[in-house]
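In: Okay, here's the prediction I keep looking at, along with the sequence it came from:
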Amino acid sequence: MDTRRLILATVVSALVLLGFDYFMPKNPPPPPVHGTVQAGQTVPADSHIQTQAKPATPETAPDETGPELRLAVDAKDVMGSVRLRGALLDDLVLKQYRQTVKSDSPLVRVLETPGKPRPDFVEFGWIPAESSVKVPDRHTLWKADSDKLTSAHPVTLSWDNGAGLLFTIRLAVDDDYMFTIEQNVRNTTGSAVQLTPYSHVLRGYTPEETGGMLVHEGPISVVNGRMTEESYKSLREGSVAPADISWSKQGTGGWAGITDKYWLMAVVPDQAEAVTGTYGYDAASTQYRVGFVGQAPLTIGAGDSAASTMHVFAGAKEVRLLERYQSDLHIPDFWKAVDFGWLAFLTRPVFYVLDWLYTHLGNFGLALLTFTLIVKILFFPLAMKSFRSAAAMRDLQPKIQDIRARHKDDPVAMNMAVMQLYRESGANPASGCLPLLIQAPVFWCLYKDLYVTIEMRQAPFFGWIRDLSAPDPTNIFNLFGLLPFDPTHLSGFLLLGIWPILYGLTMYGMQKASPAVLDPAQQRIFMMMPVMFTFFMARQPVGLVIYYCWNNVLTIAQQLMIQRTHKAVATGPGVISGTAREKTVKNPQITKKK
């Protein structure tokens, strides 16, 4: 049974590691950047700081006349600009996040101007019930009452259609990533008009998805309390030209947008407003559209005004921040923008523990190691029970072999006799696998959290580890940096850092500490596994490698402790050792003399 448990544990570990490599494709290198923006600098209108997506055919810019006028945006965590022609929110970078760990690395961009290679922007406005009513569009040039939008200073845009309708937009932004947009219409035409508000997130390219099957990337929405996740492919195949709406759902409130692994663009209507959520794709411009349209038009009487309020989120998917917005703005299930998966009832609590440890320890790597230690301590009694059961099973092996020899021609009688032996001895052949089965969901949740939460992104550890989400930057094939060349340019297999080597050593130590007795063929196979897994783990995020190293060390210590405790109990006062018991059986006079 020990051999079976060891093989089972090895197979499960291999499946986890292979699953990591299969379900999560490697992040591509950062694409070329046309400009660099440092925190505190003004973002020029024609700047382009990339995001994390593959270039696509540029979208054709809309026909425009007149100058390119912009309203600067400079808040605590974001900066950029709003294009006054069309009132497009189309230029935004995050002050707190960079593409790489280098101090001069470009800031992460979440919104980009139409006409650029990777346009991401938000548009909003009104749809008239009658085509004769002139409403603002992408060509409309708005007037701003200030030249800069800050967290402390909202800005109002205005435009008169020249036919009795005055449109205004009040823009506000908080200290994080949430914009508040209040659209207002004043009717001086002398007759009622009907207008329907709308808001959309648009992406004018097809990005390269980096999250694999573990993280949803693409259109996402929550309408009527139900989350819908679509792929880019499903939108492309579901669109019907020339219409650009391929999916719609009616409800009250909600939110919708486009999510990347770490970033989110989303529009949030008034949560008391009846809306229709829409997904769409325009093949001509390679443009994906996600957002809302009001279910019914607003009737604005002569001399009256009407308003529509919405929010726009454009930023990092920080778990605590999303939960705060959900509570303060009553946005349903906004936390689900972070893909905790269908085991969210487990993965979220695990994240909270990790986040709490990080808050107190100040290092995400230390939080990870501490969490692993806590799990080992909690499951130690179960491991002890498993070891004792395995030891009992080893003691029963001679009797089991005898039963099999006596009933070799009667499998039913043999199984009944073996089960009777288990009941009489109190041994459980399945107990050896129980700790592995119980701990597997816990470590899966940890594994998931490390991959999907932005809190892990570019988190440093100690020494040369500056990013736990990237592979170990050292390499034995260039003598850990002493030789001035990168071996991975020759082959991706020529990557073997210090931490993967330590992982292989701890895996070898864990095998040596295992009480399993293997035949020579099995021993040769298991001796090769540390080498194979060492090279495999070299290409994985170093945070995962450090976690497995530490887990192996704790497993070795736990195994040695259990063996020592079991040995002390087995050889204590009044207990006859196995050797002494054999001598007693062979020579009863020994017992009589004593």
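Out: Received the coordinates, thanks.
In: by contact count, what packs against the helix ranked longest in the chain?
Out: Secondary structure of the chain read by DSSP state H shows that its longest helix is helix 542-570. Packing partners of helix 542-570 (3 or more Cβ pairs under 8 Å, 6 or more residues apart in numbering; DSSP states H and E): helix 364-378, helix 380-406, helix 434-452, helix 498-513, helix 520-537. The C-beta positions use only the backbone N, C-alpha and C, and glycine is treated the same way.
In: 7 Å - rerun?
Out: Identification of packing neighbours for helix 542-570 by 3 or more Cβ pairs under 7 Å, 6 or more residues apart in numbering; DSSP states H and E yields helix 364-378, helix 380-406, helix 498-513.
In: got the angle between that helix and helix 498-513?
Out: Calculated by axes from the mean of the first three to the mean of the last three Cα atoms, to 10 degrees, helix 542-570 forms an angle of 20 degrees with helix 498-513.
In: From the chain's centre, how far out is helix 542-570? Work that out for me.
Out: Centroid separation between helix 542-570 and its chain, computed with Cα atoms, centre = their mean, to the nearest Å, is 29 Å.
In: do the same with stretch 308-316
Out: Offset of stretch 308-316 from its chain centre (Cα atoms, centre = their mean): 22 Å.
In: Can you point out the buried residues in it?
Out: The neighbour-count check on stretch 308-316 (16 or more other Cβ atoms under 10 Å) flags 308, 310-316 as buried.
In: Need the contact partners of it.
Out: 77-78, 89, 92, 94, 97, 110-111, 122, 124, 176-183, 197, 199, 262-270, 329, 454 (Cβ atoms under 7 Å, 6 or more residues apart in numbering).
In: Restricted to helices, list the residues you listed.
Out: Per DSSP H, the contacts of stretch 308-316 map to helices at L329.
In: Just to be careful, could you list which of the contacts of stretch 308-316 are in strands?
Out: 78, 89, 92, 94, 97, 110-111, 122, 124, 178-183, 197, 199, 263-269 (DSSP state E).
In: Show me the contact partners of stretch 358-376.
Out: Residues contacting stretch 358-376 (Cβ under 7 Å, 6+ apart): 353-354, 357, 439, 442, 446, 455-456, 459, 461-462, 468, 543, 546-547, 550-551, 554, 558.
In: mind checking pLDDT for A72?
Out: In the predicted model, A72 carries a pLDDT score of 96.
In: ok, now T347?
Out: For T347, the pLDDT comes out at 91.
In: cool, the one 3 residues further on as well?
Out: Model confidence at V350, given as pLDDT, is 91.
In: correct me, but it touches D449?
Out: Yes - between V350 and D449 a contact is recorded at 5.6 Å, counting by Cβ atoms under 7 Å.
In: Looking at those two, which is more packed in?
Out: Set V350 next to D449 and count neighbours by other Cβ atoms under 10 Å: D449 wins out with 27 against 23.
In: nearest residue to that one other than its sequence neighbours?
Out: Closest residue to D449 apart from its sequence neighbours, by Cβ to Cβ, 6 or more residues apart in numbering: F351 at 4.6 Å.
In: So that neighbour, which state does it fall into?
Out: helix (DSSP: H, G, I helix; E, B strand; the rest coil).
In: what separates it from K76, distance-wise?
Out: Separation of F351 from K76 (Cβ to Cβ, to the nearest Å): 25 Å.
In: before we move on, the earlier item: filter the contacts of stretch 358-376 down to the buried ones, PyMOL style.
Out: To isolate the buried ones among the contacts of stretch 358-376 in PyMOL, judged by 16+ other Cβ under 10 Å, type:
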select buried, resi 353+354+357+439+442+446+455+456+459+461+468+543+546+547+550+551+554+558
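In: sorry, back to before: quick one: buried ones out of the contacts of stretch 308-316?
Out: Buried by 16+ other Cβ under 10 Å: 77-78, 89, 92, 94, 97, 110-111, 122, 124, 176-181, 183, 197, 199, 262-270, 329, 454, out of the contacts of stretch 308-316.
In: Next up, the contacts around the most centrally placed residue in the chain.
Out: For the chain, V452 is the residue whose C-alpha lies nearest the centre (Cα atoms, centre = their mean; 1.1 Å). Applying Cβ under 7 Å, 6+ apart, we find V452 in contact with 214-215, 338-340.
In: so how far is G80 from it?
Out: 26 Å.
In: Give me the common contacts of V350 and D449.
Out: Contacts common to V350 and D449, judged by Cβ under 7 Å, 6+ apart, are absent.
In: low-confidence ranges in the stretch 51-200 of the chain?
Out: 51-67 (pLDDT under 70).
In: And the strands in it?
Out: Along the stretch 51-200 of the chain, counting by DSSP state E, counting those that start in this stretch, strands occupy 70-74, 78-83, 88-98, 107-111, 120-128, 143-144, 148-149, 155-160, 165-173, 178-187, 193-203.
In: Any chance of CSV for the ones you listed, columns distance to V293?
Out: Listed next are those as CSV, based on distance: least, Cβ to Cβ, whole Å:
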stretch, distance to V293
strand 70-74, 26
strand 78-83, 22
strand 88-98, 18
strand 107-111, 21
strand 120-128, 7
strand 143-144, 26
strand 148-149, 26
strand 155-160, 21
strand 165-173, 18
strand 178-187, 14
strand 193-203, 5
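In: Can you say which of these is nearest to G294?
Out: G294 lies closest to strand 193-203 among the strands of the stretch 51-200 of the chain, at 4.5 Å (Cβ to Cβ).
In: List of residues touching that closest one?
Out: Against strand 193-203 from outside (Cβ under 7 Å, 6+ apart): 120-129, 133, 135, 165, 183, 185, 187, 257-258, 265-267, 269, 287-294, 297-300, 308, 310.
In: Dump it to CSV, keeping only the CA atoms.
Out: Provided in CSV are the C-alpha atoms of strand 193-203 (Å, rounded to 0.1, in the frame of the first residue of the first chain):
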residue,chain,number,x,y,z
VAL,A,193,-38.7,64.4,-27.2
GLN,A,194,-37.8,60.8,-26.4
LEU,A,195,-34.2,59.7,-25.9
THR,A,196,-32.7,56.4,-24.7
PRO,A,197,-29.3,56.4,-22.9
TYR,A,198,-26.6,53.9,-23.8
SER,A,199,-23.1,53.1,-22.7
HIS,A,200,-20.6,50.7,-24.3
VAL,A,201,-17.0,49.4,-23.8
LEU,A,202,-15.4,48.9,-27.2
ARG,A,203,-12.2,46.9,-28.2
